[in-house]
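**Q** what shape does this take:
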Amino acid sequence: MALAVAGCGAAGPTQHFAATANAICKATNAQIEALPAPGRSPQSEASVLRKGFRYARTEVAKLDQLTAPGKREPIYVTALQSSQRLLALGKREIADFSAGRVAAANKLLDEGDEFSGETDAAMNALGATQCAADPQPNGVTR
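**A** From the prediction side, this is the model:
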């Protein structure tokens, strides 16, 4: 069930949509950034990824309840589809790191860059810049 996002006061539907999406993503970004950096073991990497992807799944579920205004909806659908693909890759990354298959997990991380780029471009086009951010656990740079 998608919720239509109506404009409030002087703000139009696009601005209201962006503000709502940004609030959702900003909260998730803060959760991910508060995670500790993983240790050196693949299992530690899997543990941190598991927590981060749990936050991301919740974020995508909340975003899925929104409807972008008018002609912007196809852009938003693209973003959500790319996000779903990233979540699917995330499950595989976690499994590979848990099993010590670091090279395979890193390959999946690289594959995810394409979907991440699609999501970021679509969210930026919608004004949902917080949803295009690339939050990392505390002390991690990518």
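
**Q** all strands for this protein, in order.
**A** 3-4, 66-67 (DSSP state E).

**Q** can you give me the helices in the protein?
**A** Counting by DSSP state H, the chain has these helices, from start to end: 13-34, 42-63, 73-98, 102-125.

**Q** out of those helices, which is closest to residue 133?
**A** Checking these against residue 133 by Cβ to Cβ gives helix 13-34 as the closest, at 5.4 Å. Bear in mind the C-beta positions are built from the backbone N, C-alpha and C, glycine included.

**Q** and the closest residue to residue 79 other than its chain neighbours, how many neighbours?
**A** Closest residue to residue 79 apart from its sequence neighbours, by Cβ to Cβ, 6 or more residues apart in numbering: residue 122 at 3.6 Å. Residues lying near residue 122 (other Cβ atoms under 10 Å) number 24.

**Q** just send the helices of the chain back as CSV, with distance to residue 132 and mean pLDDT too.
**A** Conversion of the helices of the chain to CSV gives the following (distance: least, Cβ to Cβ, whole Å; pLDDT from 0 to 100):
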stretch, distance to residue 132, mean pLDDT
helix 13-34, 8, 95
helix 42-63, 12, 96
helix 73-98, 9, 96
helix 102-125, 4, 93
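
**Q** need those in JSON lines (columns: distance to residue 137).
**A** As requested, the helices of the chain are exported to JSON lines (distance: least, Cβ to Cβ, whole Å):
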{"stretch": "helix 13-34", "distance to residue 137": "7"}
{"stretch": "helix 42-63", "distance to residue 137": "6"}
{"stretch": "helix 73-98", "distance to residue 137": "14"}
{"stretch": "helix 102-125", "distance to residue 137": "14"}
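
**Q** list the contacts for residue 62?
**A** Contacts here follow Cβ atoms under 8 Å, 6 or more residues apart in numbering; on that basis residue 62 touches residue 24.

**Q** how far away is it from residue 72?
**A** Using Cβ to Cβ, to the nearest Å, residue 62 is found at 18 Å from residue 72.

**Q** centroid residue for the protein?
**A** In the chain, the centroid-proximal residue (Cα atoms, centre = their mean) is residue 56; its distance is 5.3 Å.

**Q** brilliant, that's me finished.
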